[in-house]
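1. quick one, structure for this:
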Amino acid sequence: MHDRHSAFPDTPAYTQAQVEDRGQKPRPSDMSTSFHDVHFGYDGGHTVLKGISFDIPAGKMIALTGHLGAGKRSCARLLTRLWDVSGGQVCIGGTDVRDLPLKTLRELVAYVPRDGGLLADRLEATAAERREAACIAEIDDLAAPPEILSPGERRRLALAAAILSQAPILILDEPAHALSAADELAWRRAVANVRRGRTVLLIAHRLATLRMADAIVVLERGEIVEEGKHEDLLAWNDRYTALIANQTILN
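-> Residues are numbered from 1 along each chain as shown. This is a model prediction of the structure:
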């Protein structure tokens, strides 16, 4: 079985770290998360993030949105140290994630990917904890093979795994992508329960999902172009409004 406190997709892209594991600082008690003047680019020279800064207060949900290639998923991968920053810092409780042992970091952060690639039956837990996780995530069978589940059920199964990991920081990567209306509604109910007491980084495009966040950061070509609450961003009638205009009309 996986370590009880490790909720990462079981694929080489997530399990084979491409970074040095030299951190020795203790686990922080404060689960606030911050990006300070973060730069990131690939070895080939392509720049992805250009000095972005934003904070996720402990227990709050911050959403990242923007067009494809804006740098949203790069932020998630830098927080989990699948990659390392080219400049600046990503911190948890004021501690640079590079100064934490990878095992400690992976205990702090649960990553729920778009494809739902977390298996709840591979995390150690009591029967009572499994029942509670299944109830919160609205999934009937934590041991069900993912191939027989709908896309929404696979994501809720991954959410159950994140619950069982007891990680205080949660990354939700495009949680409502390509879901039916019923699956999306069930997912939003589950997230509303799971986010309580957790610090959440949400990557999303859909209006209904974005409205769940306490604040929204709009990325464009690796830079933050707008930041604020959903209602405030609508009132500014600029980048965010343009991004969700078609969805608003459809809704």
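2. going by C-alpha atoms from here, please, whenever you check contacts or count neighbours.
-> Noted.
3. where does the residue lying closest to residue 26 once chain neighbours are set aside land on pLDDT?
-> Closest residue to residue 26 apart from its sequence neighbours, by Cα to Cα, 6 or more residues apart in numbering: residue 100 at 6.9 Å. Note on residue 100: pLDDT of 98.
4. hmm, residue 100 is touching residue 24, no?
-> Yes - taking Cα atoms under 8 Å as the definition, residue 100 is a contact partner of residue 24 at 5.6 Å.
5. neighbour count: those two, which is higher?
-> Legend: neighbour count by other Cα atoms under 10 Å for residue 100 and residue 24, higher for residue 100 (21 against 12).
6. looking at the protein, which helix or strand is least sure?
-> Taking mean pLDDT, DSSP states H and E as the measure, the helix or strand of the chain with the lowest value is helix 12-15, at a mean of 51.
7. secondary structure element holding residue 164?
-> Using DSSP states H and E, residue 164 sits in helix 151-165.
8. and that helix, what does it pack against?
-> strand 109-112, helix 127-137, helix 181-194 (3 or more Cα pairs under 8 Å, 6 or more residues apart in numbering; DSSP states H and E).
9. quick check: buried residues in that helix?
-> Neighbour-count burial for helix 151-165 flags 151-165 (criterion: 16 or more other Cα atoms under 10 Å).
10. returning to that earlier point: of the helices and strands packed on helix 151-165, which approaches residue 201 most closely?
-> Proximity to residue 201 (Cα to Cα) singles out strand 109-112 among the helices and strands packed on helix 151-165, at 9.5 Å.
11. for the helices and strands packed on helix 151-165, which one ends up most surrounded?
-> Stretch with highest mean neighbour count among the helices and strands packed on helix 151-165: strand 109-112 (a mean of 28; mean count of other Cα atoms under 10 Å).
12. beta partners for the closest residue to residue 67 other than its chain neighbours?
-> Of all residues not flanking residue 67 in the chain, residue 220 sits nearest, at 6.9 Å (Cα to Cα, 6+ apart). With DSSP bridges as the criterion, residue 220 is bridged to residue 223.
13. my read is that residue 220 contacts residue 70, right?
-> Yes - counting by Cα under 8 Å, residue 220 touches residue 70, with 4.9 Å between them.
14. mind listing the helices for the stretch 1-150 of the chain?
-> For the stretch 1-150 of the chain, the helices defined by DSSP state H, counting those that start in this stretch cover 12-15, 72-79, 102-108, 127-137.
15. give me the distance from the third one to the chain's centre.
-> Taking the mean C-alpha point of helix 102-108 and that of its whole chain, the gap between them comes to 15 Å (Cα atoms, centre = their mean, to the nearest Å).
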